[in-house]
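Chemist: Turn this into a model:
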Amino acid sequence: MSSTSLTAPKRRINNDLNFAWAIYYKNDGGEYDLTGKTLTLWMKGTFEKVQITDFTVEGNIVTWTWKGTNQKHIGDYYAVLQDTTDGICRTVDIVNAVTLVPHTYQEDDGEQSTIDVSDVELSSEMAMALRGYSAYEIAVQNGYVGTEAQWLASLVGKQGESGNDGASMVIAQLFACLLRFILLGQI
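Modeler: Numbers count the residues shown, from 1 in each chain. I've put the predicted structure just below:
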């Protein structure tokens, strides 16, 4: 597994870029299997958010080509992968994918130039937390028998006693505070 870089590789704008993004679990470094999930992929920059509709998934690796004709602005771009398998949009991970630079950009003499390389390899440790159980699911695991609607209805109890009026309590507290200041001679 390659390490995750905080800085994105620099590439000239308007050139087709081929990405391969490997996603791993943060805790144990194991591969996060994306197979069979309903995924949405975005390239997100300061001035634009471009949905990538043509991508492939194989195990924990997402691959796509970002066409140069779809690159409109220079700057940093993040790849954002979202999972909508169960109808709820969850961000799987975000990675600093590429910095698009102008055609006139020149690297320092000391740098090994990759500015014109079309392949970009990314690696990240998944930031998404695992989905927790709902209170109803925990109740079922602990022996509750019934539908979720029945369980929700069971949470409703009888009407409680009326409490103090909030406004009158605030006035009473202000009056008590004012009285203390008067008694202490501060007013």
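
Chemist: For the rest of this, base every contact and every neighbour count on C-alpha atoms.
Modeler: OK.

Chemist: any idea how far the longest strand along the chain is from the chain center?
Modeler: Longest strand in the chain by number of residues (criterion: DSSP state E): strand 90-101. Between the centre of strand 90-101 and the centre of its chain there are 11 Å (Cα atoms, centre = their mean, to the nearest Å).

Chemist: before we move on, what SS does the nearest residue in space to Gln71 that is not next to it in sequence have?
Modeler: Nearest residue to Gln71, sequence neighbours excluded (Cα to Cα, 6 or more residues apart in numbering): Asn14, at 5.7 Å. Here Asn14 is coil, with the state taken from DSSP: H, G, I helix; E, B strand; the rest coil.

Chemist: residues in contact with Asn14?
Modeler: 67-72 (Cα atoms under 8 Å, 6 or more residues apart in numbering).

Chemist: If we use 10 Å, what do you get?
Modeler: Asn14 makes contact with 66-74, 100-103, according to Cα atoms under 10 Å, 6 or more residues apart in numbering.

Chemist: Then Val92?
Modeler: So Val92 contacts 23, 32, 34, 39-40, 80-84, 125-129 (Cα under 10 Å, 6+ apart).

Chemist: What pLDDT does the model give it?
Modeler: Looking at Val92, its pLDDT stands at 88.

Chemist: Could you do the one 4 residues further on as well?
Modeler: pLDDT for Asn96: 93.

Chemist: Kindly report the same for the one 5 residues further on.
Modeler: The model reports Val101 with a pLDDT of 93.

Chemist: thinking again about what came up before, okay, the angle between the helix or strand following the longest strand of the chain and strand 90-101?
Modeler: Sequence-wise, the next helix or strand downstream of strand 90-101 (DSSP states H and E) is strand 119-126. Counting by axes from the mean of the first three to the mean of the last three Cα atoms, to 10 degrees, strand 119-126 lies at 150 degrees to strand 90-101.

Chemist: Which elements pack onto whatever helix or strand comes next after strand 119-126?
Modeler: Moving toward the C-terminus from strand 119-126, the next helix or strand (DSSP H and E) is helix 135-141. When contacts are defined as 3 or more Cα pairs under 10 Å, 6 or more residues apart in numbering; DSSP states H and E, helix 135-141 sits against helix 148-154.
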